[in-house]
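> Mind folding the following:
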Amino acid sequence: MNRSSSPLNPREALHVAAFIEERNAGLYHQFAELFLEFDDPESLEVASTSWEMAKEDREHGTLLQKMYFER
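Take a look at the predicted model:
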């Protein structure tokens, strides 16, 4: 997302925040998949934590999208 230095209005800020949450959820999911491949207890714990973080970020993204569409 390229943008000039002008400030975001509230609706634009919600859109950017939702995008970031969704992108981060995807990254956490990829981390989880990566750590699953190691198949040791510590890596499985990291994978589990990463999935939880992905779930949380998706929930945040959904909430932000809802707020965006309500404006």
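
> Please make it C-alpha for all contacts and neighbour counts, starting now.
Fine.

> How far away from the center of its chain is stretch 25-36?
Averaging C-alpha positions (Cα atoms, centre = their mean, to the nearest Å) puts stretch 25-36 11 Å from its chain's average.

> Now that stretch: buried residues?
25, 26, 27, 28, 29, 30, 31, 32, 33, 35, 36 (16 or more other Cα atoms under 10 Å).

> who touches that stretch?
Counting by Cα atoms under 8 Å, 6 or more residues apart in numbering, the neighbours of stretch 25-36 from elsewhere in the structure are 43-44, 46-51, 53-58.

> Mind doing that once more with 7 Å?
Around stretch 25-36, the neighbours that count as contacts under Cα atoms under 7 Å, 6 or more residues apart in numbering are 43, 44, 46, 47, 48, 50, 51, 53, 54, 55, 57, 58.

> Now do the helices in the chain.
Using DSSP state H, the helices found in the chain span residues 10-36, 41-70.

> Tabulate these in JSON lines, adding columns for mean pLDDT.
Shown next, in JSON lines, are the helices of the chain (pLDDT from 0 to 100):
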{"stretch": "helix 10-36", "mean pLDDT": "97"}
{"stretch": "helix 41-70", "mean pLDDT": "97"}
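
> Quick check: residue 42 vs residue 13, distance?
Residue 42 sits 37 Å away from residue 13 when distances are taken as Cα to Cα, to the nearest Å.
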